[in-house]
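Undergrad: kindly generate the corresponding structure for this input.
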Amino acid sequence: MPDWLPYLILAVIGFVSGTLNVIAGGGSFFTLPILIFLGLPATVANGTNRIGVLMQNAGGVWGFHRHRVLDWKWGVEVSVPALAGAALGTWAALHVSDVAFRRILAGVMVLMSIWPILSSPRDIDSTRTPKGSFIVTAGFFVVGIYGGFLQAGVGFLVLALTSMAGLDLVRGNAVKALSVLLLTILSLAIFASNDRVNWPLGLALGAGNLSGSFLGVRLIVLKGHRWVRAVVTIAIIVFAIRLWFF
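TA: Predicted coordinates:
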């Protein structure tokens, strides 16, 4: 394989996953296996993947803010418990074996495939003020643990919580981008301090993710809640099938 080919592959995969992650989530179920296939140990792949996640959500936050659909106050409030959980989850990720990580990744995808079955479509007032509750706060803490540990598919969990709080999927995706951005900054710093990040490969992935995030924001704002819900449901089913045969 030519030396430049892994970087090209990651940039292309990053663009696709960045677009999908901003719209729904689950792009890391593609990028993580690719990083492992390219020869990275599972823990290093897990840390390296955070560079792409960081860059795509930075682009997403900027785009949602520019379109004035990001509730900064509520987004920061729910990100606080997510950050606490992320520190715990990242610590656990640094101490798991490669074999255990692969099995956990497979099991999570099976669970993610159930979400569209349990979540029934409903119309939500796009002007409604989001409501905070103990369940939502605790939920973001759990999301933080999961995001720090694995990250892949965390967007689906955040969207479930924002829907519970009363946000439509357009504004929910904006909060998702902000909360995941903040917890990823912390998680990536911890992985990097433990030498579990391949920066050259991660930056190639991140360049693709960042470009894809701009397209994802534009599609969300133009297409709206119903279209995003359809993409979320299809994405989860596709990723479940993909994992079954991985």
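Undergrad: state the pLDDT value of Phe246.
TA: Confidence per residue is given as pLDDT, and for Phe246 that number is 55.
Undergrad: swap in Val175?
TA: In this prediction, Val175 has a pLDDT value of 94.
Undergrad: after the one helix or strand in the chain whose mean pLDDT sits lowest, heading C-terminal, what element do we hit next?
TA: Taking mean pLDDT, DSSP states H and E as the measure, the helices and strands of the chain show their lowest mean at helix 115-118, namely a mean of 49. With elements assigned by DSSP states H and E, the helix or strand that comes after helix 115-118 is helix 134-149.
Undergrad: what helices or strands is that following helix leaning on?
TA: Counting contacts by 3 or more Cβ pairs under 8 Å, 6 or more residues apart in numbering; DSSP states H and E, helix 134-149 packs against helix 72-93, helix 154-164, helix 169-193. (Each C-beta comes from the backbone N, C-alpha and C, glycine too.)
Undergrad: what about that helix, distance to the chain center?
TA: On the basis of Cα atoms, centre = their mean, to the nearest Å, helix 134-149 sits 13 Å off its chain's mean C-alpha point.
Undergrad: stretch 67-76 now?
TA: For stretch 67-76, the distance between its averaged C-alpha position and the chain's averaged C-alpha position is 18 Å (Cα atoms, centre = their mean).
Undergrad: and that stretch, end to end?
TA: 18 Å (Cα to Cα, to the nearest Å).
Undergrad: now do the buried residues in it.
TA: Residues of stretch 67-76 classed as buried under the neighbour-count rule (16 or more other Cβ atoms under 10 Å) are 69-71, 74-75.
Undergrad: find the nearest non-adjacent residue to Tyr7, please.
TA: For Tyr7, the nearest residue in space outside its immediate sequence neighbours is Ala204; the separation is 4.0 Å by Cβ to Cβ, 6 or more residues apart in numbering.
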